[in-house]
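# Sequence and predicted model, in that order:
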Amino acid sequence: MKVLKKSAWSLIVTMLFIIPVKAQNAALNKSINTVITNYLALKNALIAADGNTAENKAKVLLASINEVSKADFTAKQLALWTNYEPKLEFDSRHISEVNALPHQREHFASLSNNLFAVLKELKLNEKPIYRQYCIMKRQYFLSDATGGKDPYMGMEHCSKVTETLPAVK
């Protein structure tokens with residue numbers, strides 16, 4: 001009977017602490033994947049060479065970066081986010097303030113490298129993320145597919161996948 005009571009208490013304590021953590025992780029997962037979705041929309045606007053749309057998509061991306069709740073991070077994740085959030089904001093803001101493609105693409109390269117560093121450590125992406133290298137521009141970008149056009153030249157098949165972040169379920 002004593003063992004049964006101990007097991008019941010263990011189960012209750014586990015449920016009290018694990019279930020809120022899973023809910024917390026779900027909220028963080030959702031906000032990080034919103035950032036990914038908005039980054040990919042910006043990338044697609046740059047592929048289309050549409051500076052006005054890129055400007056607007058960057059505003060949406062910046063808003064989603066600002067909406068990531070710091071309360072949902074572990075201490076290690078918070079240190080990572082605190083380091084990279086200003087960099088992500090800086091590049092998103094600069095892209096959102098101009099519609100000149102060369103300037104947007106310059107900041108997009110930096111944005112891509114910083115976002116990749118964050119995603120690689122957080123391991124919260126729901127879909128595979130492919131880090132691709134544009135051979136012509138010598139810049140990296142992130143994609144949710146292995147092929148397609150690159151955001152720097154708008155050309156198909158001039159980039160190669162250099163690293164893959166597998167989907168985390």
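Structure received.

# Please enumerate the helices of the chain.
2-47, 51-66, 75-97, 101-122 (DSSP state H).

# For those helices, give me CSV that also has distance to Lys137 and mean neighbour count.
Heads up, the C-betas are built off the backbone N, CA and C, glycines and all. As requested, the helices of the chain are exported to CSV (distance: least, Cβ to Cβ, whole Å; neighbours: other Cβ atoms under 10 Å):
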stretch, distance to Lys137, mean neighbour count
helix 2-47, 11, 14
helix 51-66, 16, 20
helix 75-97, 16, 17
helix 101-122, 8, 19
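
# so which of the ones you listed gets nearest Lys149?
Smallest distance to Lys149 across the helices of the chain (Cβ to Cβ): 4.7 Å, for helix 2-47.

# What average pLDDT does the closest one get?
Mean per-residue pLDDT for helix 2-47: 71.

# Run through the protein and note the low-pLDDT ranges.
Along the chain, segments meeting pLDDT under 70 span 1-24.

# go with 50
11-24 (pLDDT under 50).

# tell me the centre residue of it?
Ile36 (3.9 Å; Cα atoms, centre = their mean).

# about what we covered before: with distance to Ala167 added, can I get the helices of the chain in JSON lines?
What follows is those, written out as JSON lines (distance: least, Cβ to Cβ, whole Å):
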{"stretch": "helix 2-47", "distance to Ala167": "10"}
{"stretch": "helix 51-66", "distance to Ala167": "19"}
{"stretch": "helix 75-97", "distance to Ala167": "18"}
{"stretch": "helix 101-122", "distance to Ala167": "11"}
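
# show me what contacts the residue nearest to the centre of the chain?
115, 119, 125, 127, 129, 142, 144 (Cβ atoms under 8 Å, 6 or more residues apart in numbering).

# Which two among those residues are spaced furthest apart?
Largest pairwise distance in those, by Cβ to Cβ, is 14.4 Å, between Leu115 and Lys127.

# what about the residue nearest to the centre of the chain, distance to Leu115?
8 Å (Cβ to Cβ, to the nearest Å).

# Pull the contacting residues for the residue lying closest to Gly51 once chain neighbours are set aside.
Counting by Cβ to Cβ, 6 or more residues apart in numbering, the nearest residue to Gly51 once its immediate chain neighbours are dropped is Asn99, at 3.5 Å. Applying Cβ under 8 Å, 6+ apart to Asn99 gives the contacts 51-52, 54-55.
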